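K.L.:
Build me a model from this:
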Amino acid sequence: MDDIDIMRQAAKASAVIGVSVSPQEVAQHAMNVAKKLGYHSVSVVKKSALDENGEVLFTSSAPGDTAIYKRDGMICNDPLVNRGLRSEFPQSGSEIASNRLSEAERNVLSYIAKAAGCGDSLVIPVRRSTNPDGVIVFGGLKPDTSPAARAALTILGHCAYGRIAELKQSGGVSSSKVSLSPRETEVLGWVAKGKCDSEIAIILSMSERTARFHVANAKAKLDTTSRVQAVTKAMELGLIAA
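P.N.:
Next comes the predicted model:
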C-alpha cells in the first residue's frame, strides 16, 4: 500500500470503530489495517495498569500468556507500557529496547516477544489533554514502522483506545447498540437449540464454514468467547428467544 492508501484505510476503519459494539469488534477493525502493515497482535493498556492490580483493557494474546503476565506482575516492569506512557510520540519496541533497560525490563520484553511471536512492535501513547492516559501496542514479526505506518496506526490506536475504554466503562457491550444480522440471529437461534455447525449448515442450506462464520461474528458483537456465552447474552438482550 502507498502512504495515501494507508491513511485512507486507517480513516475508514476509524469511522467504523466509533460505532463498534465490543472490544473484539474494535480490535478486528483496527487489525484489518494493521495486518496489512505486518502486525498480528494488539494490546490496549490503561495508565492505572501501573498500579498493583493492573488494568489491561484488551489484548489479543492467548489467555494463558495473559494470565502469566498478570500473575507475575510483569506490567510493573514492562518498558513498552512504562516508557510508552512517558513519551509523546509513537516508538518501536526496538527503539525502546535500545535504551538502558533493567534486567527485569529485558526479561519482560523477552517474554512478550516469545509469547506473542513478535520481532518488533509499535507503541502508541494516548493522551487526554496533557496527561498520559494509556498506550496501545501493535506487534508483528517484521512490521512496518515507517513514518506513514506510524501515522496510520496512531489514528487507529487513538480511536480504538477511546472506544474500548468507553465500552469497558459501560460494561463491555452497549446493549442498545448490539445488532445481529438476520442470518446471525437465525444461526445463533439454532445454536441455542443445541445444533452444531454441520447441522446448522444442513438446516439453513449453507456451508459449514459459513455457519461457523456467522457464529464467530455473533460472538464478537456480543463480546463473548464461547458459543454458550453468546447464546446466554443474546437471550438476556432479547436478541433471540429464550
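K.L.:
Which helix in this structure has the most residues?
P.N.:
In the chain, assigned by DSSP state H, the helix with the most residues is helix 147-169.
K.L.:
Could you pull up the mean pLDDT of that one?
P.N.:
What helix 147-169 shows for mean pLDDT is 91.
K.L.:
next structured bit after that helix?
P.N.:
In the C-terminal direction, the helix or strand that comes right after helix 147-169 (DSSP states H and E) is helix 182-192.
K.L.:
Contacts for that following helix, please.
P.N.:
By Cβ atoms under 8 Å, 6 or more residues apart in numbering, the surrounding residues in contact with helix 182-192 are 180, 199-200, 203-204, 211, 214-215, 217-218, 221, 227, 230-231, 234-235, 239-241. The C-beta positions use only the backbone N, C-alpha and C, and glycine is treated the same way.
K.L.:
which of those count as buried?
P.N.:
180, 200, 204, 211, 214-215, 217-218, 221, 227, 230-231, 234, 239-240 (16 or more other Cβ atoms under 10 Å).
K.L.:
Which single one of these is nearest to I4?
P.N.:
Proximity to I4 was ranked across the buried ones among the contacts of helix 182-192 by Cβ to Cβ; first place goes to N217, at 30.5 Å.
K.L.:
so how far is V178 from the closest one?
P.N.:
12 Å (Cβ to Cβ, to the nearest Å).
K.L.:
and if you look at E95?
P.N.:
40 Å.
K.L.:
List the buried residues in stretch 71-85.
P.N.:
M74, I75, C76, N77, D78, P79, L80, V81, N82, R83, G84, L85.
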